[in-house]
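Novice: Got a predicted structure plus its sequence, pasted below:
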Amino acid sequence: MIVVDTAFGKVRGQEIADGALGWRGIPYAAPPVGELRLRPPSPPDPWPGVRDATGYGNRALQPPGQLPEPDAPPASEDCLYLNVTASAGAVGRPVLLWIHGGGYETGSGPGQAEDGAAFARTHGLVVVTFNYRLGALGFLDVEGESPAGALGLHDQIAALRWTRENIAGFGGDPEQITVYGLSAGGKSVTNLLASPLTAGMIRRAASSSGGDHIKSPDQARALAARFFRELGTTPDRIRDVPARDILAAQAAIATPPHSSWIWRPSVDGAALTARPLAAIRGGAAAGVPLLAQTCARECALYQLMAPDAAGQADRVLEGYFGAEAKDKILAAYAADNPGLDGTGLRLAIMTDERYVVRVGRLADAQSAHAPVWRSRYDGPYTGFPAEFAAYADAVYAGHGSDGDGIWQGGDGLPGRLHDAWGAFATNGDPGWDRYATPERRTMIFAPDGPAVAADPFADVRRAWDGLDWQPGAWWRYDGVA
């Protein structure tokens with residue numbers, strides 16, 4: 001089974017761990033370069049013979065200076081590659097399709113998931129990871145192009161379609177595909193559930209720190225105008241400029257972490273035809289079970305990376321709702337969290353505005369159409385690098401703190417996370433009570449042991465009740481909403 005026949009040609013993998021086989025760097029779409037830049041993905045050209053699939057393909061083009069996984073391949077426009085891991089001898093096994101995070105501007109398929117061998121060994125899952133276009137190349141709205149503003153989402157759909165059409169040869173069941181993502185990947189799961197192009201392809205969906213976060217038409221136009229001012233050219237010349245100039249224009253607007261939430265999909269009329277939550281409330285993903293988790297202190301990570309993060313909360317709230325509603329929200333948080341100082345209160349507001357409220361509304365929407373499970377991670381950062389141990393308390397239960405535990409498992413809480421996600425992808429039940437209104441029962445993954453709580457987000461929901469808003473970038477930028 002080392003050599004597998006796909007729709008586009010044969011690929012040769014290798015044993016990557018005891019009892020686990022891996023195939024890497026398989027093209028699932030044509031390189032989106034030249035005339036294919038900023039166009040939806042096209043099928044790859046077939047290849048003769050047997051293609052070597054033992055090395056990862058290029059990462060998506062992204063800002064320099066990040067900290068990619070060890071031995072990461074180069075970043076390039078030519079990036080539409082995926083990777084498959086399966087147990088030796090697997091036949092008809094459930095599939096876990098991973099969508100990496102990184103704010104739609106950084107990251108690659110193996111990020112956090114690594115080679116996926118842990119799930120292959122513990123639950124017999126066939127794991128697929130992939131790259132998709134990021135930043136402007138994936139999410140810029142270009143005048144005169146259609147569809148535009150969500151090409152990275154089109155890439156994700158193409159990877160899902162490739163998986164459905166080819167995974168049986170690797171030992172997977174195309175009718176048992178669970179999509180799972182964290183951060184931007186979690187938000188991508190929401191988009192995939194809302195998309196008319198994924199109908200019938202997703203059996204189950206799981207997300208960490210997801211919800212929904214798209215651009216409005218006004219935000220899309222403002223971002224494009226700012227981008228082209230920085231690029232120094234016009235939309236009709238976008239295929240003529242070097243890729244390094246596109247990255248430079250992105251960086252001129254903002255760089256990580258301050259660029260978080262600038263690049264995100266638009267409702268492009270194809271991959272998305274309505275706001276994701278509205279589509280899901282209407283039954284776009286009817287029958288697809290959902291597992292949705294957030295972390296207790298999501299935005300502690302952002303405060304560590306950018307000490308001005310919490311200080312944006314007053315301006316953001318007033319921009320959304322006006323001064324009176326802002327003061328009402330601050331007062332509600334002060335009453336519900338008497339032990340927090342001003343910075344702590346505002347970090348809690350940031351966590352809830354960015355993640356918890358959006359995920360709660362997603363869970364409520366989907367629970368009308370399918371089984372839903374909700375959870376909150378209250379533990380330490382799993383897989384935290386030893387060299388950063390001094391910061392462990394600062395990011396306790398912070399954004400992404402559950403990811404390594406879910407993927408790699410281990411003793412105690414990481415193992416419980418891993419087993420819950422493995423069970424969900426295998427049989428559609430992570431092992432606790434379903435989430436449904438009005439009880440909204442939720443699993444709390446705490447250091448002293450997991451336990452189900454009744455509606456632990458009641459105070460948060462009450463503080464934001466009746467409020468609707470179009471999320472934007474958290475930090476203020478000239479010409480970018």
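Specialist: Now that the structure is in, tell me what you want to look at. Fair warning: this is a prediction, and the values are worked out from it, not measured in the lab. Numbers count the residues shown, from 1 in each chain.

Novice: Spatially central residue for this structure, please.
Specialist: Of all residues in the chain, the one closest to the mean position by CA atoms, centre = their mean is residue 185, 0.9 Å from it.

Novice: quick one, phi/psi of it?
Specialist: phi -70, psi -40 (degrees, to the nearest 10).

Novice: Repeat that for residue 419.
Specialist: phi -70, psi -40.

Novice: picking up where we left off before, in contact with the residue nearest to the centre of the chain, which residues are there?
Specialist: The contact partners of residue 185, by CB atoms under 8 Å, 6 or more residues apart in numbering, come to 98, 99, 100, 101, 207, 208, 210. All C-beta atoms are positioned from the backbone trio N, CA, C, and that covers glycine.

Novice: what bits of the chain have low per-residue confidence?
Specialist: 65-70, 481 (pLDDT under 70).

Novice: Can you show me the strands along the stretch 301-450 of the chain?
Specialist: Using DSSP state E, counting those that start in this stretch, the strands of the stretch 301-450 of the chain run over 372-377, 441-445.

Novice: In JSON lines: those strands, plus mean neighbour count.
Specialist: As requested, these are exported to JSON lines (neighbours: other CB atoms under 10 Å):
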{"stretch": "strand 372-377", "mean neighbour count": "24"}
{"stretch": "strand 441-445", "mean neighbour count": "21"}
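
Novice: As a markdown table, those strands with distance to residue 364 would be great.
Specialist: Listed next are those as a markdown table, based on distance: least, CB to CB, whole Å:
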| stretch | distance to residue 364 |
| --- | --- |
| strand 372-377 | 8 |
| strand 441-445 | 12 |
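
Novice: Looking at those strands, which is nearest to residue 422?
Specialist: Nearest of those to residue 422, taken as CB to CB: strand 372-377 at 13.8 Å.

Novice: who's in contact with that closest one?
Specialist: Under CB under 8 Å, 6+ apart, the answer for strand 372-377 is 208, 289-296, 359-360, 363, 366, 397, 401-402, 417, 420, 424, 429-430, 432, 434-436, 440-445, 456.

Novice: same question, stretch 309-326
Specialist: 257, 299, 302-303, 329-330, 343-344, 346-347, 349-350, 353, 467, 469, 472, 474-476.

Novice: which of those residues count as buried?
Specialist: 257, 299, 302-303, 329-330, 344, 346-347, 349-350, 353, 472, 474-475 (16 or more other CB atoms under 10 Å).

Novice: nearest to residue 225, of those?
Specialist: Distances from residue 225 to the buried ones among the contacts of stretch 309-326, taken by CB to CB, are shortest for residue 472, at 15.2 Å.

Novice: Look at that closest one and give its secondary structure.
Specialist: coil (DSSP: H, G, I helix; E, B strand; the rest coil).

Novice: Contact partners for it?
Specialist: 219, 261, 319, 480, 481.

Novice: which among the residues you listed gets closest to residue 164?
Specialist: Nearest to residue 164 among the contacts of residue 472, with distances taken as CB to CB, is residue 261, at 30.6 Å.

Novice: which secondary structure element contains the closest one?
Specialist: Secondary-structure assignment from DSSP states H and E places residue 261 in no helical or strand segment.

Novice: and it, how many neighbours?
Specialist: The local packing of residue 261 (other CB atoms under 10 Å) involves 21 other residues.

Novice: give the contact list for residue 258.
Specialist: Per CB under 8 Å, 6+ apart, neighbours of residue 258: 306, 475.

Novice: and it, that's in a strand?
Specialist: No. Assigned with three-state DSSP, residue 258 falls outside any strand and is coil.

Novice: Against residue 251, how distant is it?
Specialist: 11 Å (CB to CB, to the nearest Å).

Novice: Check residue 122 too.
Specialist: From residue 122 to residue 251 the distance is 41 Å (CB to CB).

Novice: Return the distance of residue 436 relative to residue 374.
Specialist: Look at residue 436 and residue 374: by CB to CB, they are 10 Å apart.

Novice: should've said residue 214
Specialist: In this view, residue 214 and residue 374 are 22 Å apart by CB to CB.

Novice: And for residue 452?
Specialist: 10 Å.

Novice: And for residue 216?
Specialist: Taken as CB to CB, the span from residue 216 to residue 374 is 27 Å.

Novice: One more: residue 442?
Specialist: 5 Å.

Novice: Please apply the same query to residue 389.
Specialist: When residue 389 is compared with residue 374 (using CB to CB), they lie 31 Å apart.

Novice: do the same with residue 309
Specialist: Taking CB to CB, one finds residue 309 at 25 Å from residue 374.

Novice: can you list residues touching both of residue 452 and residue 374?
Specialist: Common neighbours of residue 452 and residue 374 (CB under 8 Å, 6+ apart) are 441, 442, 443.

Novice: Buried residues of the strand ranked longest in the chain, list them for me.
Specialist: Looking across the chain with DSSP state E, the single longest strand is strand 172-182. By 16+ other CB under 10 Å, the buried positions in strand 172-182 come out as 172, 173, 176, 177, 178, 179, 180, 181, 182.

Novice: and the closest residue to the third one other than its chain neighbours, which of the three is it?
Specialist: The shortest distance from residue 176 to any residue that is not its chain neighbour, by CB to CB, 6 or more residues apart in numbering, is 4.2 Å, and that residue is residue 94. State at residue 94, reduced to three classes by three-state DSSP: strand.

Novice: So residue 113 sits against residue 127, correct?
Specialist: Yes. Assessed by CB atoms under 8 Å, residue 113 is found in contact with residue 127 at 6.8 Å.

Novice: which residue ranges form the helices in the stretch 1-150 of the chain?
Specialist: Assigned by DSSP state H, counting those that start in this stretch, the helices in the stretch 1-150 of the chain fall at 117-123, 135-139.

Novice: repeat for the stretch 301-450 of the chain
Specialist: Using DSSP H, counting those that start in this stretch, helices in the stretch 301-450 of the chain cover 313-321, 323-336, 342-351, 357-367, 403-408, 413-427.

Novice: Who are the packing partners of the fifth one?
Specialist: To tie it back to what came earlier, the one meant is helix 403-408. helix 117-123, helix 413-427 (3 or more CB pairs under 8 Å, 6 or more residues apart in numbering; DSSP states H and E).

Novice: and if we set it to 6 Å?
Specialist: helix 413-427 (3 or more CB pairs under 6 Å, 6 or more residues apart in numbering; DSSP states H and E).

Novice: swap in the last one?
Specialist: With contacts taken as 3+ CB pairs under 6 Å, 6+ apart, helix 413-427 sits against strand 93-99, helix 117-123, helix 403-408.

Novice: a markdown table for the ones you listed, including mean neighbour count and distance to residue 75?
Specialist: Below are the helices and strands packed on helix 413-427 laid out as a markdown table (neighbours: other CB atoms under 10 Å; distance: least, CB to CB, whole Å):
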| stretch | mean neighbour count | distance to residue 75 |
| --- | --- | --- |
| strand 93-99 | 27 | 18 |
| helix 117-123 | 21 | 25 |
| helix 403-408 | 24 | 21 |
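
Novice: Of all those, which one is nearest residue 163?
Specialist: So among the helices and strands packed on helix 413-427, strand 93-99 is nearest, using CB to CB, at 5.6 Å.
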